[in-house]
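> below is the sequence, then the predicted model.
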Amino acid sequence: QVQLVESGGGLVQAGDSLRLSCAASGRTFSTYAMGWFRQAPGKEREFVASHSWSGSTTRYADSAKGRFTISRDNAKNTLYLFMNSLMPEDTAVYYCAAARRSYGILTPVGTNDYGSWGRGTQVTVSS
């Protein structure tokens, strides 16, 4: 198991930027695909972005393309999500997740592909 702790959320205005961080411990961070998900009130948890273990393959939800960037620093055991041009519909709790296995160069998008989750960080975007 890997322990994940998210940080960097907050209250911002539409058009602002935020950087979320996810600190990992307890398992070799660099050998597993990682992802970000979010859950808005009354809605199901949804995929935002994922980063492969091998190489630098990334994948984004349509809602995140062109605005969000996922990256990882394996030396620091940290996953990041850079969010630009935030909109009120981005308001949600954002969760960091570690995949159940490496997936090689693939970038899993399903919640069932991930076995470890952080507690989340709240992002609120006002209009």
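Arrived safely. Just so it is clear, the structure is predicted and the values come from calculations on it, not from any experiment.
> what's across from the most centrally placed residue in the chain in the sheet?
Central residue of the chain (CA atoms, centre = their mean): Trp36, 2.0 Å from the mean position. Legend: beta-bridge partners of Trp36 under DSSP bridges are Ala49, Cys96.
> got a list of what it touches?
By CB atoms under 8 Å, 6 or more residues apart in numbering, Trp36 lies in contact with 20, 22, 48-50, 70, 79, 81, 94-97. All C-beta spots, glycine's among them, are computed from the backbone N, C-alpha and C.
> next one: Val5
When contacts are counted by CB under 8 Å, 6+ apart, Val5 touches 22-23, 118-119.
> mind giving me TSV with the residues you listed and columns for neighbour count and distance to Thr58?
Written out in TSV, the entries for the contacts of Val5 read as follows (neighbours: other CB atoms under 10 Å; distance: CB to CB, whole Å):
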residue	neighbour count	distance to Thr58
Cys22	26	15
Ala23	16	20
Gly118	22	19
Arg119	10	24
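> out of those residues, flag the one nearest to Ser85.
Closest approach to Ser85 among the contacts of Val5 (CB to CB): Cys22, at 21.4 Å.
> right, and that closest one touches Tyr80 too?
Yes. Counting by CB atoms under 8 Å, Cys22 sits close enough to Tyr80 to count as a contact (7.4 Å).
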